[in-house]
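Novice: Next one to model:
(2 chains)
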Amino acid sequence: MDWLSSEIWIAIRLTFTLAFVTTVLLLVVGTPLAWKLARSRGRWTDIATAVVAMPLVLPPTVLGFYLLLALGPGGPGGWIAGLWGARTLAFTFEGLVIGSVVYSLPFVVQPIRNAFEAMGERPMEVAATLRASPTRAFWTVALPLARPGFLTGAVLGFAHTVGEFGIVLMLGGNIPGTTRTLSVAIYDYVETSQWREANILAGGMAAFAFLVILATMAIDKRFRRSAP
Amino acid sequence: MTGWRILAAALVAIAILGPSAARAGKAHIAVAANFTEPAKEIGAAFKAATGHEAVLSFGSSGQFYTQIRQEAPFEAFLSADDERPKKLVEEGLAIAGSRFTYALGKLVLWSRDPGLVKGEETLRAARFDKLSICNPVAAPYGAAAVETMKSLSLYDALKPKFVEGANISQAFQFVATGNAEIGFVALSQVANDAKGSRWVVPQELYSPILQDATLLRKGADNPAAIAFLAFLRGPQARAIIIRYGYDLREKE
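Specialist: Purely as a prediction, here's the structure:
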């Protein structure tokens, strides 16, 4: 595959690593959040729902700008970076992970929450009458029942992170192997008139997006059919 | 029904306002990011002097070059180099004979920290984590920064510390927000700001940054675009350009 330069391979590997780490973190953070949102009612739930959904409508430049300040020496990110002697979390892989987690949060939380809600109260009540503790019921009843939501959330979160551009551009500094993701590489190639490379990558991304959508449709169909 | 009424009202408004707006004259100008501040001032002075309006877009020269080749609606181009305007003329996208050097760019090593930048020795000591530059392929100031470090034989040593902005504005913003301690930016960006510390890079370390302007094919028949380029060569614009730390070509 020497028609793809090593530079492109580095960007591909970085992008998929970033998407993988982000998705895993989002499943860990997003599951309790989705559970809480699905189980409670009231004004605070509405406010929390709105906050979680905000990255859907906020321009990436807004997130990028706030993150650039927050991750820098004047913000909490700078303080955290200070723990290992650095000055800022911007221009680092960790910084991009933080940005991606914020940016892709609704894409993971929403499908999981929907799955928890679709399940209804009944299975948890039944589990309780069988003397399962709430924790045990969550692990053995709720989680397996919400599996399609987790699958959809993971696929969407992963794909959305792969496609992230504005935040990476504003925070990254275009460092090969650390912050130069595929979308930034494409931008770079277009800016510098390297259209062959831009074409290869852009075409690859379009094909990837198509497959992701097909996959979510397949997940949806399969579980709908197997649902009782 | 109301939808149609609003549409009709809008059409009438366009019919009334349109021609007068066209008479006032408007030119769409693509401006290299390093020239953002002076271009805004020159645009305001231009409007005061001629009544024409210069609609300015800012970005890297490479980005504009690509966009102009894709029929972007720009009528004049103020590049940060002389290569791209030259190529546009060769490709028939810019008007031959309209090209001239409006400014000589100056590179500066800059930090927000008042004590950090002392001169060449600051680069040699390299007591910083991140050095901000702009994309050396797309932006001439990035190329000049790379050339400077190569002239000092420091390029390989400093390369791991690079962070790259898509254009000179972003390279500046990385330093301005403190995320990078130090960076190569355009003198024009810090010329009117005494804060921080700086080293104006001596000209012998990098090839002169000839910033050329050219009339584009789309603006060939637009009096406002032609007038803007004429104004850019005039004494009023030249005074603004010098105030931002650029040099000018002797003749003109």
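Novice: and chain A, which residues reach chain B?
Specialist: Within chain A, the positions near chain B by Cβ under 8 Å from any Cβ of the partner chain are A:68-69, A:71-74, A:78, A:86-88, A:90-91, A:169-170, A:172-175, A:187-188, A:190-193. Backbone N, C-alpha and C define where each C-beta goes, glycine included.
Novice: Figure out the length between the terminal residues of stretch B:128-143.
Specialist: In stretch B:128-143, first residue to last residue: 21 Å (Cα to Cα, to the nearest Å).
Novice: Quick one: mean pLDDT over that stretch.
Specialist: Stretch B:128-143 carries an average pLDDT of 93.
Novice: near chain A at all, that stretch?
Specialist: Yes - applying Cβ under 8 Å from any Cβ, one finds stretch B:128-143 in contact with chain A at B:Asp129, B:Lys130, B:Ser132, B:Asn135, B:Val137, B:Ala138.
Novice: same check, this time on stretch B:30-40
Specialist: No - Stretch B:30-40 lies out of reach of chain A by Cβ under 8 Å from any Cβ, never closer than 12.1 Å.
Novice: how far does stretch A:55-67 sit from the chain's center?
Specialist: 14 Å (Cα atoms, centre = their mean, to the nearest Å).
Novice: quick one on the thing from earlier: export the residues of stretch B:128-143 next to chain A to TSV and tack on secondary structure?
Specialist: Putting the residues of stretch B:128-143 next to chain A into TSV (DSSP: H, G, I helix; E, B strand; the rest coil) gives the following:
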residue	secondary structure
B:Asp129	coil
B:Lys130	coil
B:Ser132	strand
B:Asn135	coil
B:Val137	coil
B:Ala138	coil
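Novice: re the thing from before, pull out the buried residues from the residues of chain A next to chain B.
Specialist: Buried subset of those (neighbour count, 16 or more other Cβ atoms under 10 Å in any protein chain shown): A:68-69, A:71-73, A:78, A:86-88, A:90-91, A:169-170, A:172-175, A:187-188, A:190-193.
Novice: immediately after the host helix or strand of A:Thr161, which helix or strand?
Specialist: Element membership of A:Thr161, judged by DSSP states H and E, is helix A:147-162. With elements assigned by DSSP H and E, the helix or strand that comes after helix A:147-162 is helix A:166-172.
Novice: what's that next one packed up against?
Specialist: helix A:60-71, helix A:93-119, helix A:182-191 (3 or more Cβ pairs under 8 Å, 6 or more residues apart in numbering or on different chains; DSSP states H and E).
Novice: Including mean pLDDT, could those go into JSON lines?
Specialist: Putting these into JSON lines (pLDDT from 0 to 100) gives the following:
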{"stretch": "helix A:60-71", "mean pLDDT": "91"}
{"stretch": "helix A:93-119", "mean pLDDT": "95"}
{"stretch": "helix A:182-191", "mean pLDDT": "90"}
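Novice: Indicate which one of these is closest to B:Gln67.
Specialist: helix A:182-191 (9.3 Å; Cβ to Cβ).
Novice: Next, the buried residues of the following helix or strand past the closest one.
Specialist: As assigned by DSSP H and E, the chain's next helix or strand after helix A:182-191 is helix A:195-226. Residues A:Glu197, A:Ala198, A:Ile200, A:Leu201, A:Ala202, A:Met205, A:Val212, A:Thr216, A:Ile219 are the ones in helix A:195-226 that count as buried (16+ other Cβ under 10 Å).
Novice: Check stretch A:8-23 too.
Specialist: Buried residues in stretch A:8-23, counted by 16+ other Cβ under 10 Å: A:Ile8, A:Ala11, A:Ile12, A:Leu14, A:Thr15, A:Leu18, A:Ala19, A:Val21, A:Thr22, A:Thr23.
Novice: Could you check which helix or strand contains the last one?
Specialist: Translated: A:Thr23. Using DSSP H and E, A:Thr23 sits within helix A:6-39.
Novice: Could you list every helix and strand in contact with that helix?
Specialist: Packing contacts for helix A:6-39, counted by 3+ Cβ pairs under 8 Å, 6+ apart, involve helix A:43-57, helix A:93-119, helix A:147-162, helix A:182-191, helix A:195-226.
Novice: now the strands for the stretch 151-252 of chain B?
Specialist: B:162-165, B:182-186, B:197-200, B:209-215 (DSSP state E, counting those that start in this stretch).
Novice: Quick check: which of those strands is nearest to chain A?
Specialist: When the strands of the stretch 151-252 of chain B are compared by Cβ to the nearest Cβ, strand B:162-165 sits nearest chain A, at 2.9 Å.
Novice: avg pLDDT for the helix holding A:Thr23?
Specialist: On average, helix A:6-39 scores 95.
Novice: Next, the angle helix A:182-191 makes with that helix.
Specialist: Angle, helix A:6-39 to helix A:182-191, by axes from the mean of the first three to the mean of the last three Cα atoms, to 10 degrees: 140 degrees.
Novice: Next, count neighbours for the closest residue to B:Glu75 other than its chain neighbours.
Specialist: Setting aside the residues directly before and after it, B:Glu75 is nearest to B:Gly219 in space (Cβ to Cβ, 6 or more residues apart in numbering or on different chains), at 2.5 Å. When neighbours are defined as other Cβ atoms under 10 Å in any protein chain shown, B:Gly219 has 25 of them.
Novice: which ones are touching the closest residue to chain B within chain A?
Specialist: Residue nearest to chain B within chain A: A:Gly173 (2.9 Å; Cβ to the nearest Cβ). A:Gly173 is in contact with A:Ala90, A:Phe91, A:Thr179, B:Lys130, B:Ser132, B:Phe162, B:Val163, B:Glu164, B:Gly165, B:Phe174, B:Ala180, counting by Cβ atoms under 8 Å, 6 or more residues apart in numbering or on different chains.
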